[in-house]
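Asker: build the 3D model from these lines:
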Amino acid sequence: MAKTRSKFICQNCGASYGKWAGKCDNCDEWNTLLEQVVNETEAKTALAKGAVSGKKLDTVSVNKLIPTDAKSRLKTNFPELDSVLGGGILLGSVSLLAGQPGIGKSTLLMQIASFVSATRAVLYVSGEESAGQIKLRAVRLGASSEKLHFASSTSGNDIAKTIAEGNYDFVIVDSIQTLSLAEISSAPGTVSQVSNCGNLIIRAAKATDTAVMLVGHVTKDGTLAGPKVLEHLVDVVLNFEGDRYGGFKTVRAIKNRFGSTLELAIFEMNEKGLAEVKNPSAALLSERQNTDGSIILSTIEGTRPILVEIQALVNPTNFGYPKRTASGFDLNRLNLLVAVLEKRTKLKLGDKDIFINVVGGLRLNDSAADLAVCMAIASATAGRKLDDKLVVFGEVGLGGEIRSASAPDRRLAEAKKLGFTGAIAPATIKDKFVLPAKDLRTTLIKYMDKK
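Answerer: Numbering: from 1, shown residues only. As a prediction, this is how the structure comes out:
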């Protein structure tokens, strides 16, 4: 009789344990371990057969390999998204698009499918929505090409078989968490189903030079749901970020085998779907009012300079413990900057509630935003304003010193283009446009207007 035993698999990272535990020690997630039965005899037999069933590989000189860029790419009709993808969607590649529910993943993919289907055969497979729902979206977005086909299925076997036929150049699968293989008994969305369905689809795509775009779910903290092995299998991983109810939405690559991960595409939603924002700096500043607590930051998103407004609100706390809240900025970094302000500038913030907002729904990962955040907090606390023709950027050290920032030339060029007259920036930048800032306290005293 076959000997079986149980092991427990983390549904977030794929780690295996001999017994159940409430928390996965590998990824620190709670309640993600599910039981899976393992047939030890079958596993040993498969290992023994695999050791003798292999055959010698056919090798070729690396000089004779066909370069990846020699293959044609599919354009998406969004030049900035093409840049994020490394020049377009490469035939034979598999991409994974992840984002919050309702942010516009299906809308973006339908617009891409509509454009590509003008010249190529495209298949849109949905495991979540009915044909009627897809039809309504297609009509709203003007997708009416005869080369754009639709299928509703949750079978990974059927989808892989369809791709393997080689009748389509581009296939969209929405979403990978809804698929299952008939040979695996676990529920859709589990580690085994997601990884095996993904592997089967990837094999079919590579064999037929079919470009595949998979849609992935995200967890409550915004990270890609499912096993990490899926991210390793695919060629490109795209994050669709932003506020689902308004503001700008961004697409950035966190993994790209065919291009840079520094590029960023910015979109906004309108009645005709998603549209690229050609001049995000002007759009972000169009409704700005120069009040205390408002500072213009010159930041870098990918390789693109953007001017964005940082807003701060400082109020006396009504409770014993002051509240710190940040929208679009790292909360731990905010707490650190508040401590630096208290220590190096003598501002009394221990009994103040502090709220920080990055206008437009953008999320900043730029260390040069430190000085703008500090000046916004100081401005809101003292009730003083900064000249509305000045931009700010620079990293703040624990000693209160202002450190250099990356790509200062591009930051300054963007400010000049939009009519600003100066930039409060690290003193190491030698430019007549720059108002030098050496340390935090001197900068606040020198450049903040009186009440």
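Asker: quick one, longest strand in this protein?
Answerer: The residue-count maximum for a strand in the chain (DSSP state E) belongs to strand 304-316.
Asker: buried ones in it?
Answerer: Using 16 or more other CB atoms under 10 Å as the test for burial, strand 304-316 gives Arg304, Pro305, Ile306, Leu307, Val308, Glu309, Ile310, Gln311, Ala312, Leu313, Val314. Just so you know, the C-beta spots here come from the backbone N, C-alpha and C atoms, and that holds for glycine as well.
Asker: and if you look at stretch 234-254?
Answerer: Of all the residues in stretch 234-254, those buried under the rule 16+ other CB under 10 Å are 234-243, 247-253.
Asker: by mean pLDDT, flag the weakest helix or strand of the protein.
Answerer: Ranking every helix and strand in the chain by mean pLDDT, DSSP states H and E puts helix 40-53 at the bottom, with a mean of 59.
Asker: quick one: residues in contact with the top helix by length along the chain.
Answerer: In the chain, with assignment by DSSP state H, the single longest helix is helix 191-208. The contact list for helix 191-208, computed with CB atoms under 8 Å, 6 or more residues apart in numbering, reads 9-11, 14, 34, 36, 92-94, 156-157, 159-161, 163-166, 171, 173, 176-177, 179-181, 184, 186-187, 210-212, 214, 226-227, 229-230, 233-234.
Asker: direction included, what does the longest strand of the chain pair against?
Answerer: Paired strands of strand 304-316, with direction, are strand 294-301 (antiparallel), strand 352-358 (antiparallel) (DSSP bridges).
Asker: helices of the stretch 301-450 of the chain, start to end?
Answerer: Counting by DSSP state H, counting those that start in this stretch, the stretch 301-450 of the chain has helices at residues 331-345, 370-382, 408-417, 440-447.
Asker: repeat that for the stretch 51-200 of the chain.
Answerer: Using DSSP H, counting those that start in this stretch, helices in the stretch 51-200 of the chain cover 79-84, 105-116, 131-141, 156-164, 191-208.
Asker: so the fourth one versus helix 191-208, what angle?
Answerer: Angular relation of helix 156-164 and helix 191-208 on a 0 to 180 degree scale: 10 degrees, by axes from the mean of the first three to the mean of the last three CA atoms, to 10 degrees.
Asker: still on that earlier bit, among the buried residues of stretch 234-254, which are in strands?
Answerer: Counting by DSSP E, these place Val236, Val237, Leu238, Asn239, Phe240, Glu241, Gly242, Lys249, Thr250, Val251, Arg252, Ala253 in strands.
Asker: my guess is the fifth one contacts Leu96, does it?
Answerer: To tie it back to what came earlier, the one meant is Phe240. No: at 10.9 Å, Phe240 does not count as touching Leu96 under the criterion of CB atoms under 8 Å.
Asker: and for those two, which residues touch both?
Answerer: Counting by CB under 8 Å, 6+ apart, Phe240 and Leu96 have no common neighbour.
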